[in-house]
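1. Next one to model:
(one chain, ligands or ions: 1)
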Amino acid sequence: MNARERPMRPMAASLREITGGPAYEARRLLDAQYAGRQGCIGKEIRAYDTVTSTNDLALEWATAGAPNGAVVYAELQTKGRGRMGRAWSARSGLNLTFSVVLRPVLAPDRWNLITIAACVAASEAIDRFTAPVCTQIKWPNDILIDERKCCGMLLESAGAGQASSASRAVILGIGINVNEDTFPTDIEPQAASLLLATGHTIHRAHLLAAVFDRLEQALDRLEEDAVAVGKRYMRRMYNLNAPAELRFAHGSGSVQGVVAGLGEAGGLLLATGEGIQTFHAGEVTTV
Ligand code: BTN
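-> Below is the predicted model of the structure:
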């Protein structure tokens with residue numbers, strides 16, 4: 001690591017930065033694969049043994065000027081978080097937990113599409129390692145194997161109200177259950193890992209490099225042709241054309257209908273008694 005990459009503030013004792021591991025290995029793999037690559041995902045990396053949440057560090061780094069594509073990677077999070085106030089925990093040395101700082105050109109009201117592109121990227125990347133087992137995407141941002149979750153994403157933003165896109169940032173946090181072989185009993189029925197699904201250990205740096213690579217492609221494509229990215233998402237969409245219930249993210253209400261696809265801005269299209277409606281947040285369950 002050179003001096004420019006070093007964090008500007010002194011680190012707390014528990015926040016030990018590491019200079020090896022899957023994130024750096026993934027970057028080396030990509031640099032070797034594409035000599036002189038222009039890609040930005042993972043060009044700058046900060047990796048740690050233990051952090052509260054990689055999203056927290058990425059948000060701080062974004063505020064301090066992190067470039068588009070900068071990655072914060074950690075082996076262990078003590079306060080990893082998921083959507084809708086849930087926690088995300090993953091054991092050290094077995095999984096992948098990281099956050100990417102993105103400085104989107106897209107207008108903030110289309111930022112949900114970043115999650116859509118990231119789901120396509122993660123699902124396609126994971127499939128390269130799990131074939132013939134295939135992943136599916138559960139709206140909005142869960143990656144499933146056999147109806148169990150193996151990967152989740154959390155999109156958080158900084159400076160959405162800023163006029164210039166350069167001062168806006170989105171943090172895309174991704175957690176993948178890679179070589180995990182046990183889960184706490186409360187989540188065990190809904191959780192999957194790539195190891196449990198395939199019966200073999202996955203090389204984490206190789207998988208991370210594939211995710212960086214696909215993410216780069218999917219985000220580029222999003223700017224050129226968001227409809228094409230949406231189509232790729234729908235091809236992998238869990239519950240498509242099936243009855244489902246959407247529990248609203250805010251409040252206690254829910255609505256039932258048939259999953260009809262993905263809306264133009266990344267919302268869920270649900271065919272209800274009142275016609276096709278678009279929803280932008282919530283939790284889908286099968287009915
Ligand atoms: C979800 O499924 O609800 C989203 C899970 C997101 C987990 C990742 S792990 C890396 C990043 N840091 C966090 O605290 N959360 C995300």
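2. what's the helix or strand for Glu124?
-> Glu124 belongs to helix 112-130 when assigned by DSSP states H and E.
3. hmm, the helix or strand following that helix touching the ligand?
-> Going down the chain from helix 112-130, the next helix or strand is strand 136-138, by DSSP H and E. No: legend: contact between strand 136-138 and the ligand by CB under 6 Å from any ligand atom is lacking; minimum distance shown is 9.8 Å. C-beta coordinates here come from the backbone N, C-alpha and C atoms, glycine included.
4. Now do the helix or strand following strand 136-138, average pLDDT.
-> For strand 136-138, the succeeding helix or strand toward the C-terminus, using DSSP H and E, is strand 142-145. Strand 142-145 carries an average pLDDT of 98.
5. who does strand 142-145 pair up with?
-> Strand 142-145 has its sheet partners listed here by DSSP bridges as strand 136-138 (antiparallel), strand 148-158 (antiparallel).
6. what angle separates the longest one from helix 112-130?
-> Which is strand 148-158. Put simply, strand 148-158 runs at 150 degrees to helix 112-130, going by axes from the mean of the first three to the mean of the last three CA atoms, to 10 degrees.
7. quick revisit: which of the strands paired with strand 142-145 has the lowest mean pLDDT?
-> strand 148-158 (a mean of 94).
8. Could you tell me which residues of the stretch 1-150 of the chain lie near the ligand?
-> 53-55, 77, 80-83, 86, 88, 97-99, 142.
9. Kindly recompute the last result at 5 Å.
-> Proximity of the stretch 1-150 of the chain to the ligand, by CB under 5 Å from any ligand atom, involves residues 53-55, 80-83, 88, 97.
10. Low-confidence ranges, the chain, go.
-> 1-14, 159-166 (pLDDT under 70).
11. isn't Gly230 right next to Leu268, touching?
-> No: applying CB atoms under 8 Å, one finds Gly230 not in contact with Leu268, separated by 11.9 Å.
12. what do those two both touch?
-> Leu262 (CB atoms under 8 Å, 6 or more residues apart in numbering).
13. one step back: so what secondary structure elements neighbour the helix holding Glu124?
-> strand 136-138, strand 142-145, strand 148-158, strand 169-176, helix 194-198, helix 204-224, helix 226-235 (3 or more CB pairs under 8 Å, 6 or more residues apart in numbering; DSSP states H and E).
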